[in-house]
Structures are given as C-alpha cells and as structure tokens.
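K.L.:
okay, sequence plus prediction incoming.
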Amino acid sequence: MRFSREDGPTEEKPVTVVLVADDDADIRDLVAFKLEQAGFDVIAVEDGQTALEQARSRQPTLAVLDVSMPGLSGIDVCKMLRADPATAGILIIMLTARVQEQDVEGGFSAGADDYVTKPFSPRELVSRIQALLSRARA
C-alpha cells in the first residue's frame, strides 16, 4: 500500500509485466527504456528460446517479439505461447522490419495481437501497448 499526502492510504496499481525479445541490443534497450518510463516492469531478452522460458516462468501480461531472432523466431515463440494453455493469454505484439503483406499475415496467423514494423516510433509502440492492454481489460 502506498500513501498519498492528500488522501491517506491508496491502493497500488498492479505493475504490468512486459517481455521484450529482440536480438538487436539497441532496439531491445530502447523499447525497455521507453516501457519502464511508462511504468511497466520489463523483462528484456535477446533470443527466442530465452523469451519462451521467461514467458513460461514469469507470465508477463504482454510480449513484444522480434520476428527474426537466432534460434527460435518470434513467430515460433508466438505459436508456442498460443499452443500452451498456461501462456495462451499473453498478449503479443510482433516487432519486425518485414513489411510484406504475407509477413504481416503470417504474424497474425501465428496468433499475434498486433504487428509493428521497423523503423518505428517508440511513443507509438507504447501507445499501441497501452491500447491493447485497455481493450484486453475491458
């Protein structure tokens, strides 16, 4: 419980955990930084296998997955998360430089909730995450 000087005790809002998986350290760090600034608890990983392990153990509310990662791709991770009842409810945003129509369709077919192409605006990504979370909670 937190205390506010004006109102006395206030209930703390639960922290939303977001998993960020991208093999590009600059992008991963930028996304993690912007999400932390927006009040999210961030788990940042560099590959698909670690993303899958962290999703299963930490149960984030949302995952931002790069499509092209070493080992398991973001598409592979997305399919595996959707196939497992314990992780099927995790919201997923694909983040990728792949902009062809078939790539976007492939992301949604794998079970992604949204698809953001690189280059991207970090503020827009945060806004999309907040909108997706709001819709999911409604």
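P.N.:
Cool, the structure landed. Numbers count the residues shown, from 1 in each chain.
K.L.:
could you list the buried residues of stretch 46-62?
P.N.:
For stretch 46-62, the neighbour count (16 or more other CB atoms under 10 Å) marks Glu46, Asp47, Gly48, Gln49, Thr50, Ala51, Leu52, Gln54, Ala55, Pro60, Thr61, Leu62 as buried. C-betas here are computed from N, CA, C, even on glycine.
K.L.:
only alpha carbons, please: show it as PDB.
P.N.:
This file holds the C-alpha atoms of stretch 46-62, laid out as PDB (Å, rounded to 0.1, in the frame of the first residue of the first chain):
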ATOM      1  CA  GLU A  46      18.000 -11.400 -26.700                       C
ATOM      2  CA  ASP A  47      16.600 -14.600 -28.300                       C
ATOM      3  CA  GLY A  48      13.500 -16.700 -28.800                       C
ATOM      4  CA  GLN A  49      14.400 -19.600 -26.500                       C
ATOM      5  CA  THR A  50      15.000 -17.200 -23.600                       C
ATOM      6  CA  ALA A  51      11.800 -15.400 -24.400                       C
ATOM      7  CA  LEU A  52       9.900 -18.600 -24.300                       C
ATOM      8  CA  GLU A  53      11.500 -19.600 -21.000                       C
ATOM      9  CA  GLN A  54      10.800 -16.200 -19.400                       C
ATOM     10  CA  ALA A  55       7.200 -16.200 -20.700                       C
ATOM     11  CA  ARG A  56       6.600 -19.600 -19.100                       C
ATOM     12  CA  SER A  57       8.200 -18.700 -15.700                       C
ATOM     13  CA  ARG A  58       7.300 -15.000 -15.300                       C
ATOM     14  CA  GLN A  59       3.900 -15.000 -17.000                       C
ATOM     15  CA  PRO A  60       4.100 -11.400 -18.500                       C
ATOM     16  CA  THR A  61       0.900  -9.700 -19.500                       C
ATOM     17  CA  LEU A  62       2.300  -8.800 -22.900                       C
END
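K.L.:
which residues sit against it?
P.N.:
Applying CB atoms under 8 Å, 6 or more residues apart in numbering, the contact partners of stretch 46-62 are 16-19, 21-23, 25, 28, 43, 45, 63, 65, 69-74, 76-77, 80-81, 84, 86-87, 90-93, 129, 132-133.
K.L.:
what about those, which are in strands?
P.N.:
Using DSSP state E, the members of the contacts of stretch 46-62 that fall in strands are Val17, Val18, Leu19, Ala21, Ile43, Val45, Ala63, Leu65, Leu91, Ile92, Ile93.
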